[in-house]
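Asker: just need the structure, nothing else, for what follows:
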Amino acid sequence: MMRAAVIQMSSQSDVQANLQLADGLLAEAADDGCILAALPENFALMPEQGRDKTLHAERPGHGPIQDFLEDAARRHSIWIVAGSMPLASPDADRVYGGCPVYDPKGRQRALYRKIHLFDVKLPDREESYQESWSMYPGDDRVTVDTPIGRIGLTICYDLRFPELYRALVDDGATVFTVPAAFTRATGEAHWRKLLKARAIENLAYVLAPGQTGAHPDNRTTWGHSVIVDPWGRVLGELADGNGFVAADIDPELPGRIRNEFPALSNRRL
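Answerer: Presented below is the predicted three-dimensional model:
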């Protein structure tokens, strides 16, 4: 068994304060015996305006947020799936939502750029979002080998696109990470259901760290960070507040279940 954690935060507009909070929670997860911890989407910055992210955009491998992550992974001797952070894109007014992954020696082992952007109007509510106004979409699927299994990296709104997860399974993924900043309305309606569906239909672990509470852009996020096993069982959940929840992960379990219950190999389309 390998212990892993999902970290829940109520990030604000002060990057240094957010990094300090993240560092303390990573330290607690490491002290709990976790060998891997996943941070939420926008862990370093929840800005007052979406395009404020461009003020903190970094090039891959360069910048204070990535320096922090490299140092934290090394100091706490832990794998970090770094939620999402602003990375420079081809458009100066928009950023990629980038999820870098670091090993316990502080080496960056993967970098995923969020593919699906949250451009929606919520049904029956005076609430809409246009993430593409401040963010630039990525194009590439990314997996990374870790001690808990091969992780398929996704971010937030990606969760609503099951074809991405099925493709990541075809790339060898046995675990999905879903760092998120789900709105309170959509989280209450769909968050847990979608996470369990992605776990069950792909016979994979799901690690889903979330933002929680009120943020400077007048958004309230749902929290409820959760770990789900390949049979859809919830192994741990944190409803609200800053903190983490951890669970023991069996890296061999997805393979055993896929052999005993061969839904993936029974596909015909």
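
Asker: any idea how far apart the tips of stretch 81-101 sit?
Answerer: Stretch 81-101 has an end-to-end distance of 5 Å (C-alpha to C-alpha, to the nearest Å).

Asker: check the model's average confidence along that stretch for me.
Answerer: Average pLDDT, stretch 81-101: 98.

Asker: buried ones in it?
Answerer: Buried residues in stretch 81-101, counted by 16 or more other C-beta atoms under 10 Å: 81-89, 94-101. Bear in mind the C-beta positions are built from the backbone N, C-alpha and C, glycine included.

Asker: which strand or helix spans the closest residue to residue 10 other than its chain neighbours?
Answerer: Nearest residue to residue 10 in three dimensions, chain neighbours excluded: residue 213, at 3.9 Å (C-beta to C-beta, 6 or more residues apart in numbering). Assigned by DSSP states H and E, residue 213 belongs to strand 212-214.

Asker: pLDDT weak spots in the chain?
Answerer: Nowhere does the chain drop to pLDDT under 70.

Asker: and the longest helix for it?
Answerer: Longest helix of the chain, by residue count under DSSP state H: helix 15-31.

Asker: tell me where the stretch 1-150 of the chain has strands.
Answerer: For the stretch 1-150 of the chain, the strands defined by DSSP state E, counting those that start in this stretch cover 2-8, 36-38, 79-81, 85-88, 95-102, 108-113, 119-121, 128-130, 143-146, 149-153.

Asker: which one of those strands lies closest to residue 240?
Answerer: Checking the strands of the stretch 1-150 of the chain against residue 240 by C-beta to C-beta gives strand 2-8 as the closest, at 7.8 Å.

Asker: any idea how far apart the tips of stretch 126-134 sit?
Answerer: Where stretch 126-134 begins and where it ends lie 21 Å apart, using C-alpha to C-alpha.

Asker: roughly how far apart are residue 145 and residue 36?
Answerer: Using C-beta to C-beta, to the nearest Å, one gets 12 Å for the distance from residue 145 to residue 36.

Asker: over to residue 108?
Answerer: 15 Å.

Asker: wait, isn't residue 130 in contact with residue 119?
Answerer: Yes. Here residue 130 reaches residue 119: they are 5.4 Å apart, a contact under C-beta atoms under 8 Å.

Asker: OK, contacts around the residue lying closest to residue 113 once chain neighbours are set aside?
Answerer: Nearest residue to residue 113 in three dimensions, chain neighbours excluded: residue 138, at 2.7 Å (C-beta to C-beta, 6+ apart). Residues near residue 138 by C-beta atoms under 8 Å, 6 or more residues apart in numbering: 96-97, 112-115.

Asker: one more: residue 21?
Answerer: 9, 11, 242.

Asker: quick one on the thing from earlier: what are the buried residues along the helix or strand just after the strand holding residue 213?
Answerer: For strand 212-214, the following helix or strand on the C-terminal side (DSSP H and E) is strand 220-222. Residues of strand 220-222 classed as buried by neighbour count (16+ other C-beta under 10 Å): 221-222.

Asker: going forward, count from 14.
Answerer: In the new numbering, first residue 14, that becomes strand 233-235.

Asker: next helix or strand past strand 233-235?
Answerer: Note on strand 233-235: by DSSP H and E, the next helix or strand toward the C-terminus is strand 238-241.

Asker: contact partners of that following strand?
Answerer: Applying C-beta under 8 Å, 6+ apart, the contact partners of strand 238-241 are 17, 19-21, 53, 205, 208-209, 212, 218-223, 225, 247-251, 257-260, 262.

Asker: what about 6 Å?
Answerer: 19, 21, 208-209, 212, 219-223, 247-251, 258, 260 (C-beta atoms under 6 Å, 6 or more residues apart in numbering).

Asker: narrow those to those in strands?
Answerer: Taking DSSP state E as the definition of strands, these contribute 19, 21, 219-221, 247-251, 258, 260.

Asker: from those, pick the one nearest residue 29.
Answerer: residue 21 (19.5 Å).

Asker: need the nearest residue in space to that closest one, chain neighbours excluded.
Answerer: Nearest residue to residue 21, sequence neighbours excluded (C-beta to C-beta, 6+ apart): residue 238, at 4.1 Å.

Asker: so who does residue 243 touch?
Answerer: Counting by C-beta under 6 Å, 6+ apart, residue 243 touches 216-218, 266-267, 270.
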